[in-house]
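Prediction below, plus the sequence it came from.
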Amino acid sequence: APKPDEGRLAQQIEQRFADIQAKRDHFSVLGVPQDASRDQVKAAFLSLAKVFHPDRLPPSLPHLAQKMTSVFESIREAYEVLHDDARRKSYQQTLQGAQALPKPPSAASGGRPGSPQSARSDTNAEDLFKMGEVYFRKRDFLAAVEHYERAHALDPKPLYLAARAWAVYMDPSRKADMPRAKQWMADAVRLDPNCDRAHYQLGVIARVENDMDRAERHFREAVRANPKHLEANQELRLIDLRKKNPPKKGLFR
(Lines give C-alpha, C1' and ligand atoms only; values in the text may rest on other atoms or scores of the structure.)
Protein backbone atom coordinates (compact mmCIF):
# COMPACT_ATOMS: atom_id res chain seq x y z
CA ALA A 1 0.00 0.00 0.00
CA PRO A 2 1.22 3.56 -0.68
CA LYS A 3 2.77 5.41 2.24
CA PRO A 4 1.14 8.67 3.43
CA ASP A 5 3.60 10.77 1.40
CA GLU A 6 2.92 8.62 -1.66
CA GLY A 7 -0.81 9.08 -1.15
CA ARG A 8 -0.34 12.85 -1.21
CA LEU A 9 1.77 12.51 -4.36
CA ALA A 10 -0.99 10.47 -5.98
CA GLN A 11 -3.48 13.26 -5.21
CA GLN A 12 -1.08 15.84 -6.67
CA ILE A 13 -0.64 13.81 -9.86
CA GLU A 14 -4.40 13.44 -10.27
CA GLN A 15 -4.92 17.18 -9.70
CA ARG A 16 -2.17 18.12 -12.14
CA PHE A 17 -3.56 15.74 -14.75
CA ALA A 18 -7.00 17.29 -14.31
CA ASP A 19 -5.39 20.70 -14.86
CA ILE A 20 -3.96 19.44 -18.16
CA GLN A 21 -7.44 18.43 -19.27
CA ALA A 22 -8.64 21.91 -18.31
CA LYS A 23 -5.89 23.31 -20.59
CA ARG A 24 -4.25 25.60 -18.04
CA ASP A 25 -1.76 28.04 -19.52
CA HIS A 26 2.00 27.63 -19.15
CA PHE A 27 2.25 30.34 -16.47
CA SER A 28 -0.31 28.55 -14.31
CA VAL A 29 1.42 25.20 -14.88
CA LEU A 30 4.69 26.56 -13.48
CA GLY A 31 2.99 28.81 -10.95
CA VAL A 32 4.78 31.97 -12.09
CA PRO A 33 3.46 35.43 -13.07
CA GLN A 34 3.50 36.54 -16.71
CA ASP A 35 6.39 38.92 -15.99
CA ALA A 36 8.50 36.24 -14.31
CA SER A 37 12.21 36.36 -15.08
CA ARG A 38 13.99 33.51 -16.83
CA ASP A 39 15.62 32.60 -13.50
CA GLN A 40 12.22 32.39 -11.82
CA VAL A 41 10.93 30.18 -14.62
CA LYS A 42 13.93 27.86 -14.30
CA ALA A 43 13.64 27.69 -10.51
CA ALA A 44 9.94 26.81 -10.75
CA PHE A 45 10.66 24.09 -13.31
CA LEU A 46 13.42 22.50 -11.23
CA SER A 47 11.24 22.55 -8.13
CA LEU A 48 8.36 20.81 -9.93
CA ALA A 49 10.67 18.35 -11.70
CA LYS A 50 11.88 17.10 -8.31
CA VAL A 51 8.30 16.04 -7.60
CA PHE A 52 6.80 15.07 -10.96
CA HIS A 53 9.65 13.61 -12.99
CA PRO A 54 8.56 10.09 -14.10
CA ASP A 55 11.65 8.60 -12.47
CA ARG A 56 10.29 9.85 -9.12
CA LEU A 57 7.14 7.71 -9.31
CA PRO A 58 7.13 5.21 -6.41
CA PRO A 59 6.75 1.50 -7.29
CA SER A 60 3.47 1.48 -5.35
CA LEU A 61 1.82 3.82 -7.89
CA PRO A 62 2.31 2.06 -11.28
CA HIS A 63 -1.26 2.89 -12.36
CA LEU A 64 -0.30 6.59 -12.42
CA ALA A 65 2.74 6.19 -14.72
CA GLN A 66 1.01 7.51 -17.84
CA LYS A 67 -0.53 10.44 -15.99
CA MET A 68 2.84 11.25 -14.38
CA THR A 69 4.46 11.34 -17.83
CA SER A 70 1.74 13.67 -19.14
CA VAL A 71 2.11 15.93 -16.12
CA PHE A 72 5.87 16.19 -16.47
CA GLU A 73 5.61 16.79 -20.22
CA SER A 74 3.26 19.72 -19.56
CA ILE A 75 5.75 21.13 -17.02
CA ARG A 76 8.69 20.67 -19.38
CA GLU A 77 6.82 22.23 -22.28
CA ALA A 78 5.84 25.23 -20.15
CA TYR A 79 9.47 25.71 -19.14
CA GLU A 80 10.81 25.46 -22.70
CA VAL A 81 8.33 28.02 -23.98
CA LEU A 82 8.61 30.52 -21.11
CA HIS A 83 12.37 30.28 -20.73
CA ASP A 84 12.85 31.31 -24.37
CA ASP A 85 12.08 35.02 -24.82
CA ALA A 86 10.95 34.69 -28.45
CA ARG A 87 8.70 31.72 -27.74
CA ARG A 88 7.25 33.39 -24.66
CA LYS A 89 6.35 36.49 -26.67
CA SER A 90 4.67 34.37 -29.35
CA TYR A 91 2.83 32.35 -26.70
CA GLN A 92 1.58 35.46 -24.89
CA GLN A 93 0.25 36.78 -28.18
CA THR A 94 -1.58 33.48 -28.63
CA LEU A 95 -3.08 33.77 -25.15
CA GLN A 96 -4.24 37.32 -25.85
CA GLY A 97 -5.83 36.19 -29.10
CA ALA A 98 -7.58 33.28 -27.38
CA GLN A 99 -8.95 35.59 -24.69
CA ALA A 100 -10.41 37.80 -27.39
CA LEU A 101 -12.38 34.89 -28.89
CA PRO A 102 -15.99 34.35 -27.75
CA LYS A 103 -16.24 31.46 -25.33
CA PRO A 104 -18.31 28.44 -26.42
CA PRO A 105 -21.66 28.16 -24.62
CA SER A 106 -21.87 25.81 -21.66
CA ALA A 107 -24.26 22.87 -21.51
CA ALA A 108 -26.52 24.96 -19.26
CA SER A 109 -26.84 27.61 -21.97
CA GLY A 110 -27.59 25.16 -24.76
CA GLY A 111 -24.13 24.03 -25.82
CA ARG A 112 -23.58 20.28 -25.92
CA PRO A 113 -20.49 18.07 -26.28
CA GLY A 114 -19.70 17.47 -29.92
CA SER A 115 -21.51 20.59 -31.16
CA PRO A 116 -19.63 23.16 -33.29
CA GLN A 117 -19.77 25.65 -30.44
CA SER A 118 -18.32 23.32 -27.81
CA ALA A 119 -15.61 22.12 -30.24
CA ARG A 120 -14.27 25.62 -30.88
CA SER A 121 -11.11 25.16 -28.78
CA ASP A 122 -10.35 21.79 -30.40
CA THR A 123 -10.87 23.33 -33.83
CA ASN A 124 -8.37 26.04 -32.97
CA ALA A 125 -5.82 23.41 -31.98
CA GLU A 126 -6.43 21.51 -35.21
CA ASP A 127 -6.06 24.70 -37.24
CA LEU A 128 -2.77 25.49 -35.51
CA PHE A 129 -1.57 21.96 -36.24
CA LYS A 130 -2.49 22.30 -39.91
CA MET A 131 -0.64 25.60 -40.14
CA GLY A 132 2.36 23.90 -38.54
CA GLU A 133 2.21 21.30 -41.31
CA VAL A 134 2.26 24.06 -43.92
CA TYR A 135 5.30 25.70 -42.36
CA PHE A 136 7.04 22.34 -42.02
CA ARG A 137 6.59 21.61 -45.73
CA LYS A 138 8.16 25.00 -46.42
CA ARG A 139 11.05 23.97 -44.13
CA ASP A 140 10.31 26.91 -41.86
CA PHE A 141 11.01 24.75 -38.82
CA LEU A 142 10.89 27.57 -36.26
CA ALA A 143 7.36 28.60 -37.30
CA ALA A 144 6.30 24.95 -37.51
CA VAL A 145 7.50 24.23 -33.97
CA GLU A 146 5.72 27.31 -32.63
CA HIS A 147 2.42 26.25 -34.20
CA TYR A 148 2.76 22.66 -33.03
CA GLU A 149 3.55 23.90 -29.51
CA ARG A 150 0.50 26.14 -29.48
CA ALA A 151 -1.70 23.31 -30.74
CA HIS A 152 -0.34 21.00 -28.03
CA ALA A 153 -0.92 23.68 -25.39
CA LEU A 154 -4.60 23.80 -26.37
CA ASP A 155 -4.99 20.05 -26.82
CA PRO A 156 -2.12 17.80 -25.60
CA LYS A 157 -2.48 15.10 -28.25
CA PRO A 158 0.51 12.77 -28.75
CA LEU A 159 0.20 13.50 -32.48
CA TYR A 160 1.00 17.18 -31.88
CA LEU A 161 3.91 16.21 -29.62
CA ALA A 162 5.31 13.91 -32.33
CA ALA A 163 4.95 16.61 -34.98
CA ARG A 164 6.76 19.12 -32.80
CA ALA A 165 9.53 16.61 -32.12
CA TRP A 166 10.07 15.94 -35.82
CA ALA A 167 10.27 19.65 -36.64
CA VAL A 168 12.91 20.09 -33.94
CA TYR A 169 14.79 16.99 -35.11
CA MET A 170 14.83 18.17 -38.73
CA ASP A 171 15.93 21.73 -37.92
CA PRO A 172 19.66 21.98 -38.82
CA SER A 173 20.10 24.77 -36.28
CA ARG A 174 18.91 22.57 -33.39
CA LYS A 175 21.18 19.55 -33.62
CA ALA A 176 21.84 19.79 -29.89
CA ASP A 177 18.12 19.17 -29.28
CA MET A 178 17.96 15.97 -31.35
CA PRO A 179 18.17 13.60 -28.33
CA ARG A 180 15.37 15.52 -26.66
CA ALA A 181 13.27 15.36 -29.84
CA LYS A 182 13.75 11.57 -29.95
CA GLN A 183 12.58 11.39 -26.35
CA TRP A 184 9.43 13.34 -27.23
CA MET A 185 8.69 10.83 -29.99
CA ALA A 186 9.14 7.99 -27.51
CA ASP A 187 6.83 9.84 -25.11
CA ALA A 188 4.22 10.16 -27.87
CA VAL A 189 4.35 6.39 -28.48
CA ARG A 190 4.12 5.71 -24.76
CA LEU A 191 1.08 7.98 -24.43
CA ASP A 192 -0.54 6.56 -27.58
CA PRO A 193 0.82 3.24 -28.90
CA ASN A 194 -1.24 3.86 -32.06
CA CYS A 195 0.53 7.12 -32.92
CA ASP A 196 1.64 6.07 -36.39
CA ARG A 197 3.46 9.34 -36.98
CA ALA A 198 5.76 8.86 -34.00
CA HIS A 199 6.42 5.22 -34.94
CA TYR A 200 7.30 6.20 -38.51
CA GLN A 201 9.64 8.97 -37.36
CA LEU A 202 11.40 6.65 -34.91
CA GLY A 203 11.70 4.11 -37.71
CA VAL A 204 13.39 6.64 -39.99
CA ILE A 205 15.82 7.60 -37.23
CA ALA A 206 16.62 3.92 -36.56
CA ARG A 207 17.26 3.38 -40.28
CA VAL A 208 19.59 6.37 -40.40
CA GLU A 209 21.39 4.93 -37.36
CA ASN A 210 21.65 1.60 -39.24
CA ASP A 211 19.55 -0.28 -36.68
CA MET A 212 17.34 -2.06 -39.21
CA ASP A 213 15.65 -4.37 -36.73
CA ARG A 214 14.43 -1.44 -34.67
CA ALA A 215 13.49 0.45 -37.84
CA GLU A 216 11.40 -2.44 -39.11
CA ARG A 217 9.60 -2.77 -35.76
CA HIS A 218 8.59 0.88 -35.80
CA PHE A 219 7.52 0.83 -39.45
CA ARG A 220 5.38 -2.25 -38.79
CA GLU A 221 3.81 -0.56 -35.77
CA ALA A 222 3.04 2.49 -37.92
CA VAL A 223 1.31 0.30 -40.51
CA ARG A 224 -0.51 -1.66 -37.82
CA ALA A 225 -1.90 1.61 -36.45
CA ASN A 226 -2.57 3.03 -39.92
CA PRO A 227 -2.57 0.48 -42.77
CA LYS A 228 -2.71 3.36 -45.28
CA HIS A 229 0.51 4.99 -44.06
CA LEU A 230 2.20 5.39 -47.45
CA GLU A 231 5.76 6.13 -46.35
CA ALA A 232 5.87 3.34 -43.74
CA ASN A 233 4.59 0.84 -46.31
CA GLN A 234 7.26 1.97 -48.75
CA GLU A 235 9.96 1.54 -46.12
CA LEU A 236 8.76 -1.99 -45.37
CA ARG A 237 8.78 -2.90 -49.07
CA LEU A 238 12.39 -1.72 -49.32
CA ILE A 239 13.33 -3.74 -46.24
CA ASP A 240 11.71 -6.85 -47.74
CA LEU A 241 13.59 -6.30 -50.99
CA ARG A 242 16.89 -6.07 -49.15
CA LYS A 243 16.10 -9.32 -47.34
CA LYS A 244 15.38 -11.10 -50.63
CA ASN A 245 18.40 -9.61 -52.40
CA PRO A 246 21.11 -8.96 -49.80
CA PRO A 247 24.20 -7.13 -51.11
CA LYS A 248 27.05 -9.47 -51.99
CA LYS A 249 30.04 -9.16 -49.73
CA GLY A 250 33.19 -7.93 -51.37
CA LEU A 251 31.40 -6.80 -54.51
CA PHE A 252 33.04 -3.38 -54.51
CA ARG A 253 36.44 -4.36 -53.20
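Great, that's in hand. Numbers count the residues shown, from 1 in each chain.

Can you give me the domain boundaries for this structure?
In terms of domains, the chain is parsed into 9-96, 125-244 (source: the TED database).

Deepest in the core, which of those is it.
domain 125-244 (a mean of 18; mean count of other CB atoms under 10 Å). The C-beta positions use only the backbone N, C-alpha and C, and glycine is treated the same way.

Where does the prediction get shaky in this structure?
1-4, 97-123, 247-253 (pLDDT under 70).

In the stretch 151-253 of the chain, what residue spans correspond to helices?
Along the stretch 151-253 of the chain, counting by DSSP state H, counting those that start in this stretch, helices occupy 158-170, 178-191, 196-208, 212-225, 230-244.

Looking at those helices, spot the one closest to Q66.
Among the helices of the stretch 151-253 of the chain, the nearest to Q66 by CB to CB is helix 178-191 (6.6 Å).

What is the distance between that closest one and the centre of its chain?
The chain centre lies 8 Å from the centre of helix 178-191; the measure is CA atoms, centre = their mean, to the nearest Å.

Nearest to Q15, out of the helices of the stretch 151-253 of the chain?
Counting by CB to CB, Q15 lies closest to helix 178-191 out of the helices of the stretch 151-253 of the chain; the figure is 19.1 Å.

and the angle from the strand or helix carrying M68 to helix 178-191?
For M68, the element it lies in under DSSP states H and E is helix 65-82. Angle of helix 65-82 versus helix 178-191, following axes from the mean of the first three to the mean of the last three CA atoms, to 10 degrees, is 140 degrees.

what's helix 65-82 packed up against?
Applying 3 or more CB pairs under 8 Å, 6 or more residues apart in numbering; DSSP states H and E, one finds that helix 65-82 makes contact with helix 4-21, helix 26-30, helix 38-52, helix 85-100, helix 141-154, helix 178-191.

what's in contact with that helix?
13-14, 16-17, 19-20, 26-27, 29-30, 32, 36, 41-42, 44-45, 48-49, 52-54, 57, 61, 87-88, 91, 149, 152-153, 156, 161, 187, 190-191 (CB atoms under 8 Å, 6 or more residues apart in numbering).
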